[in-house]
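Colleague: sequence first, predicted model second:
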Amino acid sequence: MAIQERIPMREQDPEVRITNFLSVPLGYSAEEAVAEAKRCLQCKVPLCETGCPVRMDIKDIINLIADEKFEEAFLLSKKDNAVPAMTGRVCPQEDQCEGKCVLDKTGQPINIGKLFAFVADWARDNELMDETTPQENGKKVAIVGSGPASITCAVDLRKLGCHVTIFEALHMAGGVLQYGIPAFRLPRDVVDYELSYLEKIGVDIQLNQVVGQNVDFEELKKDYDAIYLATGAGAPRFLNCEGEKLKGVYSANEFLIRVNLMKAYKFPSWDTPIFCGNKVGVIGCGNVAMDSARCAKRLGAKEVYILYRRTKQCAPARAEEIHHAEEEGIIFKEMISPCRMLGNEDGWVTGIEMVKTEFKGTDKSGRPRPVNIEGSEFIMEVDTIINALGTTPNRLFLSNVPELETHSWGGIKVDDNFMTNIPGVFAGGDALSGGSTVIEAMGNGRDAAESINKYLNK
Amino acid sequence: MKHTITRKEDLNAADYVIDVIAPKVAKKFRPGNFAVLITRSNGERIPMSIEKAEGDKITMYIKRLGKTSRELDTWNVGDALYKVIGPMGTPPPLKKYGTVVFASDLVCGHAENNAMCRELKKIEGNHVISIQSFPTKEDVYPEKERAKKDADEYILATGDGSVGRKGHMIDVLQELLEERKIDMVFAGGDIPALQKLSELTKKYNVPVMTTVRQIMVDATGMCGSCRVFIDGEQKLACIDGPMFDGHKVDWEAAISRLAMFKGKEAEAMECYNEKMKAVV
């Protein structure tokens, strides 16, 4: 029997979407979703589920979709995933569930991400919520940060009956989902809807609470039975090269925070400005680099370059993001590495000196190691540079709690149960790892919730 | 939390003072901290120096400069800001310095001057001298809004000498450095002036801490917009500062980077003016 091809995802036309910040994928219709779900072989041993950091019942959910039992499918997905509408959109499925799908060998794995997004959107359209009324257990847990790890940990602990309070430093909840990922990838009504679920089940989200600055950590320790620190990794890494002080040089975080959190693309009706030139160089090739490049395009940049020291085959970005970026006219310059940034007398960036690279051996990550080719330096003219070199753990909170043990690179140290050196204080998400994906942070939040629950019932 | 304005008065033709309800900020404030204001839900996050914290209120001095500060100026007592967040930043140590000067020449600097002198004076062994300079007599703040009562010695200066000493804060400081032993200098205000002031203190081998005002977005250490270079090392004004050792600051970069959004700021202002015209 010939393998039936994936039901294609309808998308906004690239020419049109580079003029707006609306969702690129348009989502499956019910008919399309059922047809895609019916392609599933319902393997006896569902390998897809072994690839899921939050261990969703993928096989059964797909079966329910195939039977048009959308409500059941939604409730089952919600059992293990607090925010399926978001993860369906932002997970690197090709490395996880879809990468393990037996159909992946044919190049046509089940489109699990889009199916789950469909089910979650369907539930929202039909005003269906997972109406859990937790049995109060009298335990109080404080969570610092409101990103993916916190959301998952909060929901799991709340369902177990804990009273959960989230302290968020910014004026909007969601962490990277709010300030990092652009609306064309994760529409903000989806984020708002998913976060409203937390409030619905009784999680208390307190905004503008900067623990260590206006909330005493010592007071938290006194007032709560356990604390979960998921303060994230939002501190930008810079190259520390010549010219990085120039105007027109951004960290990807600054560029994205302006666009996503502060809605600078609506300037001047929204107050926060953004400057985006005509020729933009984005250094790096991860999801954040793709997001920055595609935002720059939407802000009107004529030429946007991804500058990468490897080839895009070794890039950390999701396949879909690279594909979408290419469709939108983002130009990939591979096997080049930045040396320094050049500026004019007014202190504005005018160019970047790059050096060509070649592969020699492999590095710790198993990817080919790029080595600079001496004497191959050349200059590219750019008027905006965005550093998307990754991030390190946020140090604002950490600097206020010196007794908390951290690694030399800034990550919080924990034991096998995610407990820090301070009893009752747990940590997770990117504050541990220094940067991963939304779903990995969620998996981490789920594991921590389990440990916290055990600790509380000791 | 409703961040209601409880007082709003003119300091001079360009500057005004507001008191705002912000209990959490007020409770934890120390001189050298700042607050982040968001005036409306679609507003920007703007860092603002705090002049004092009393009860559940904080006091801020604001210059009618850009769109947000001009718009806020049209608000009245009883109106409420969308968000007031903080206190942010890492204040310099409040301790015994000996003879310590705070010099300021601009709105935020004056607020910092008042706040810092008030606390330094409480510490035994400190002799606190406050210098506040204004362009001319009309610009001088009312006496209760100056550091006169907060310092052991107070020197008012105007650029044209129309009241107080003639000259800028730097001129007054230079005279002081010539006359007697100064152990420590703090300063806040106009960035190019702070560079000159830092160079001056270096000549006299006196340590200096100055506010290095930079553009901030989140002000929690995540965007890197406010990066400053201290002895070649990158620091963030929002969490490591905003006060730094003036002898070590890369002033050229600090001055240049402040101008990054000049064009956009003008655009916002123009747009606001058009809107106000339409309202009239």
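Modeller: All right, it came through fine.
Colleague: give me the domain ranges for chain A.
Modeller: Split into domains by automatic domain parsing, chain A comes to A:14-125, A:140-234+A:393-456, A:236-391.
Colleague: just the terminal-to-terminal distance for the second one.
Modeller: Just to be clear, that refers to domain A:140-234+A:393-456. The distance separating the two terminal residues of domain A:140-234+A:393-456, taken as CA to CA, to the nearest Å, comes to 9 Å.
Colleague: please apply the same query to the first one.
Modeller: Here the two ends of domain A:14-125 are set 27 Å apart, with distance taken as CA to CA.
Colleague: verify the stated contact: residue B:23 with residue B:58.
Modeller: No: with contact taken as CB atoms under 8 Å, residue B:23 and residue B:58 are classed as non-touching, separated by 9.2 Å. For every residue, glycine as well, the C-beta is placed using N, CA and C.
Colleague: circling back: ok, which of the domains of chain A comes nearest residue B:27?
Modeller: Each of the domains of chain A was scored for nearness to residue B:27 using CB to CB, and the closest is domain A:140-234+A:393-456 (7.5 Å).
Colleague: just confirm yes or no for that closest one near chain B.
Modeller: Yes: residues of domain A:140-234+A:393-456 contacting chain B under CB under 8 Å from any CB of the partner chain: A:169-171, A:179, A:207-210, A:213-215, A:234, A:394-396, A:399.
Colleague: check contacts around residue 96.
Modeller: Chain wasn't specified; assuming chain A. Going by CB atoms under 8 Å, 6 or more residues apart in numbering or on different chains, residue A:96 touches A:51, A:52, A:53, A:439.
Colleague: my bad, the chain I had in mind was chain B
Modeller: Counted by CB under 8 Å, 6+ apart, residue B:96 has contacts B:123, B:124, B:125, B:126.
Colleague: in the stretch 301-450 of chain A, what residue comes closest to chain B?
Modeller: Of all residues in the stretch 301-450 of chain A, residue A:347 sits closest to chain B, at 3.6 Å by CB to the nearest CB.
Colleague: the residue nearest to that residue when sequence neighbours are not counted: how many residues sit nearby?
Modeller: Taking CB to CB, 6 or more residues apart in numbering or on different chains as the measure, residue A:347 lies nearest to residue B:256, with 3.6 Å between them; neighbours along the chain are not counted. Applying the criterion other CB atoms under 10 Å in any protein chain shown, we find 17 residues in the vicinity of residue B:256.
Colleague: show me the contact partners of the lowest-mean-pLDDT helix or strand in chain A.
Modeller: When the helices and strands of chain A are compared on mean pLDDT, DSSP states H and E, helix A:430-433 comes out lowest with a mean of 86. With contact meaning CB under 8 Å, 6+ apart, helix A:430-433 is reached by A:145, A:147, A:149, A:176, A:229-234, A:391, A:393-394, A:411-412, A:414, A:418, A:436, A:440-441, A:444.
Colleague: with stretch A:348-364 instead?
Modeller: The set of residues external to stretch A:348-364 that reach it, using CB under 8 Å, 6+ apart, is A:243, A:246-249, A:281, A:307, A:309-310, A:333, A:335-344, A:368-374, A:376-385.
Colleague: if we use 7 Å, what do you get?
Modeller: Contacts made with stretch A:348-364 from outside it, assessed by CB atoms under 7 Å, 6 or more residues apart in numbering or on different chains, are listed as A:243, A:246-249, A:281, A:307, A:309, A:335-344, A:368-373, A:376-383, A:385.
Colleague: alpha carbons only: can I get that stretch in PDB?
Modeller: Output in PDB follows, covering the C-alpha atoms of stretch A:348-364 (Å, rounded to 0.1, in the frame of the first residue of the first chain):
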ATOM      1  CA  TRP A 348      25.900  53.900  13.800                       C
ATOM      2  CA  VAL A 349      26.800  50.400  12.500                       C
ATOM      3  CA  THR A 350      27.600  50.300   8.800                       C
ATOM      4  CA  GLY A 351      29.000  46.800   8.300                       C
ATOM      5  CA  ILE A 352      30.200  43.600   9.700                       C
ATOM      6  CA  GLU A 353      33.500  41.900   9.000                       C
ATOM      7  CA  MET A 354      33.000  38.100   8.500                       C
ATOM      8  CA  VAL A 355      35.500  35.300   8.000                       C
ATOM      9  CA  LYS A 356      34.800  32.100   6.100                       C
ATOM     10  CA  THR A 357      34.800  28.900   8.000                       C
ATOM     11  CA  GLU A 358      35.500  25.200   7.100                       C
ATOM     12  CA  PHE A 359      34.600  22.100   9.000                       C
ATOM     13  CA  LYS A 360      37.300  20.200  10.900                       C
ATOM     14  CA  GLY A 361      36.200  17.300  13.100                       C
ATOM     15  CA  THR A 362      33.200  17.400  15.400                       C
ATOM     16  CA  ASP A 363      32.400  19.300  18.600                       C
ATOM     17  CA  LYS A 364      30.900  18.200  21.900                       C
END
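Colleague: can you give me how far that stretch is from the chain middle?
Modeller: For stretch A:348-364, the distance between its averaged C-alpha position and the chain's averaged C-alpha position is 26 Å (CA atoms, centre = their mean, to the nearest Å).
Colleague: which parts of that stretch are buried?
Modeller: A:348, A:349, A:350, A:351, A:352, A:353, A:354, A:355, A:356, A:357 (16 or more other CB atoms under 10 Å in any protein chain shown).
Colleague: in strands, which of those residues appear?
Modeller: Assigned to strands by DSSP state E, the following of the buried residues of stretch A:348-364 qualify: A:349, A:350, A:351, A:352, A:353, A:354, A:355, A:356, A:357.
Colleague: widest-spaced pair of those residues?
Modeller: Largest separation among those by CB to CB: A:350 and A:357, giving 23.3 Å.
Colleague: for the closest residue to chain A within the stretch 51-200 of chain B, give me its contacts.
Modeller: Ranked by CB to the nearest CB, the top residue of the stretch 51-200 of chain B for proximity to chain A is residue B:85, at 4.5 Å. Residue B:85 sits next to A:171, A:208, A:210, B:35, B:36 when contact means CB under 7 Å, 6+ apart.
Colleague: low-confidence ranges in the chain?
Modeller: Since you didn't name a chain, this refers to chain A. Judged by pLDDT under 70, chain A has its weakly predicted residues at A:1-2.
Colleague: chain B, not that one
Modeller: Judged by pLDDT under 70, chain B has its weakly predicted residues at B:279-280.
Colleague: now the residue positioned nearest the centre of it. Its backbone dihedrals?
Modeller: Centroid check for chain B by CA atoms, centre = their mean gives residue B:108 as the closest residue, at 2.3 Å. Taking degrees, to the nearest 10, you get phi -70, psi -40 for the backbone angles of residue B:108.
Colleague: now it, nearest residue through space, not along the chain?
Modeller: Residue B:108 sits nearest to residue B:49 (CB to CB, 6+ apart), 4.1 Å away.
Colleague: repeat that for residue A:19.
Modeller: According to CB to CB, 6+ apart, the nearest residue to residue A:19 is residue A:298 (7.0 Å).
Colleague: these two touch, right, the one you found and residue A:17?
Modeller: No: Residue A:298 sits out of contact with residue A:17 when judged by CB atoms under 7 Å, with a separation of 8.0 Å.
Colleague: quick one: which of residue B:23 and residue B:58 has more around it?
Modeller: Under the criterion of other CB under 10 Å, the comparison of residue B:23 against residue B:58 puts residue B:58 first, with 27 against 16.
Colleague: am I right that that one sits in a strand?
Modeller: Yes: the assignment for residue B:58 (DSSP: H, G, I helix; E, B strand; the rest coil) places it in a strand.
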